[in-house]
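*Asks:* I'd like to go over a predicted model; first the sequence, then the structure.
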Amino acid sequence: MVITELRITPIAITDPPLLNAAGLHAPYALRTIIEIVTDDGITGLGEVPGSAETTAALEAAAEVVIGHDPFQHNAIYRGLVERFGPGSQPSNLVGWKHRQIVHVFSAVEVACFDIMGKATGRPVCDLLGGRARDRVDFSAYLFYKYEGAGGELGFGTDPAASGWAAARQAAKDRRVDLINFPNLDYHKRFFDRAEAELASCSLTALEVDVKSLLVMEGPARVRLLSCLRREVAIALEFHVPIVVSSGVDVENLLRKPRDLASLAYLFGLDEAQALDAISTNPNAIILRNREKLSSRFIAPGISVVKEGRTI
């Protein structure tokens, strides 16, 4: 059995700003998935923290890995060290650091063990000496990740931020329930796919107030509707809750809830989505904030069930 192919697939998964063991993170966590294929048609899977540097290293490592027997992964490790380790001078790469070799080999090694388990019909633990126990108790501590704007601001935010910076800052802040953009200034409407991705991770809703639709006429109303349709479509694509509000400050512009829902049809919501936007979604925000007032609240979806003491 020999390795005939190594496939590399970088992926990004959403990484909200809370409930991580440690670190200050962007909205995404990067991983790289590798698939090692043998001449017998068996595919083994491995993964490693992702980056452009890791992807490039794995691509370069393919020339060493291909042709080896997956059962002889120690030989693969020696090949990587000889080809890319300190002191090697490949024509197209500077010698890798030890950490980079470990990263690459860890993904390859796991994929090789996956192949060995499939080839022998045995769980990988049997290949490592046998099962020691059926259950492993563990404990972990979940800490909040810092919300900060990053850069020079570090863990803080910029109260004077404006434009795109303010929109991005609000969308990723879990303290923000709703984001709303001026209806009359199209240069200040910043709801795009990047904004929607951040809002989705932070449980932030997009508010659409219909006041301007009631008072605008002609081309201005058409332009606003076009903008709202685009933003609502993006919100639905990224599962961002939508809240429809009246936005009015005078009594004669007030509308009944179902009238508001009817207006929502104009910017792309069907009946069920429109009713959610005027009732279910606002109510969810209220309930979520009431939950935060509890002394047992930790984070959305996590609360103290029972308190104990360490031994």
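*Replies:* Now that the structure is in, tell me what you want to look at.
*Asks:* hey, let's count contacts and neighbours off CA atoms from now on
*Replies:* Fine.
*Asks:* For Val65, grab the count of nearby residues.
*Replies:* Using other Cα atoms under 10 Å, Val65 has 25 other residues around it.
*Asks:* and the closest residue in space to it that isn't next to it in sequence, helix, strand or coil?
*Replies:* Using Cα to Cα, 6 or more residues apart in numbering and skipping residues adjacent in sequence, the residue nearest Val65 is Ile76, 6.2 Å away. Using DSSP: H, G, I helix; E, B strand; the rest coil, the structure places Ile76 in helix.
*Asks:* count of neighbours near Ser51?
*Replies:* Neighbour tally, Ser51, other Cα under 10 Å: 15.
*Asks:* Run through the residues that contact it.
*Replies:* By Cα atoms under 8 Å, 6 or more residues apart in numbering, the contact set of Ser51 is 30-32.
*Asks:* Remind me what the lengthiest helix in the chain packs against, helices and strands.
*Replies:* In the chain, taking DSSP state H as the definition, the longest helix is helix 98-120. Other helices and strands packing on helix 98-120, by 3 or more Cα pairs under 8 Å, 6 or more residues apart in numbering; DSSP states H and E, are strand 28-38, strand 43-49, helix 52-65, helix 73-84, helix 124-127.
*Asks:* buried ones in that helix?
*Replies:* 100-101, 103-117 (16 or more other Cα atoms under 10 Å).
*Asks:* what's the angle between it and strand 43-49?
*Replies:* Helix 98-120 runs at 160 degrees relative to strand 43-49, counting by axes from the mean of the first three to the mean of the last three Cα atoms, to 10 degrees.
*Asks:* quick one: contacts for the closest residue to Leu263 other than its chain neighbours?
*Replies:* For Leu263, the nearest residue in space outside its immediate sequence neighbours is Val210; the separation is 7.7 Å by Cα to Cα, 6+ apart. Residues counted as contacts of Val210 (Cα under 8 Å, 6+ apart) are 244-247, 260, 263.
*Asks:* Could you rerun that using 10 Å?
*Replies:* Listed by Cα atoms under 10 Å, 6 or more residues apart in numbering, the contact set of Val210 reads 183, 244-248, 253, 255, 260, 263-264.
*Asks:* so how far is Val248 from it?
*Replies:* From Val210 across to Val248, the span is 8 Å (Cα to Cα, to the nearest Å).
*Asks:* Between those two, which contacts overlap?
*Replies:* In contact with both Val210 and Val248: Arg255, using Cα under 10 Å, 6+ apart.
*Asks:* can you give me the strands in this structure?
*Replies:* 3-14, 28-38, 43-49, 178-179, 205-209, 242-245, 297-299, 302-303 (DSSP state E).
*Asks:* picking up where we left off before, mind giving me TSV with the contacts of Val210 and columns for pLDDT, neighbour count and distance to Arg221?
*Replies:* Below are these laid out as TSV (pLDDT from 0 to 100; neighbours: other Cα atoms under 10 Å; distance: Cα to Cα, whole Å):
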residue	pLDDT	neighbour count	distance to Arg221
Asn183	63	20	10
Val244	90	23	17
Ser245	86	18	17
Ser246	83	19	16
Gly247	78	14	16
Val248	74	15	17
Leu253	76	13	16
Arg255	80	15	18
Leu260	84	20	16
Leu263	85	16	13
Ala264	86	25	14
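*Asks:* Turn the residues you listed into a markdown table, columns for distance to Arg290.
*Replies:* Formatted as a markdown table, these follow (distance: Cα to Cα, whole Å):
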| residue | distance to Arg290 |
| --- | --- |
| Asn183 | 30 |
| Val244 | 21 |
| Ser245 | 21 |
| Ser246 | 23 |
| Gly247 | 24 |
| Val248 | 26 |
| Leu253 | 30 |
| Arg255 | 27 |
| Leu260 | 26 |
| Leu263 | 30 |
| Ala264 | 28 |
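*Asks:* Lovely, talk soon.
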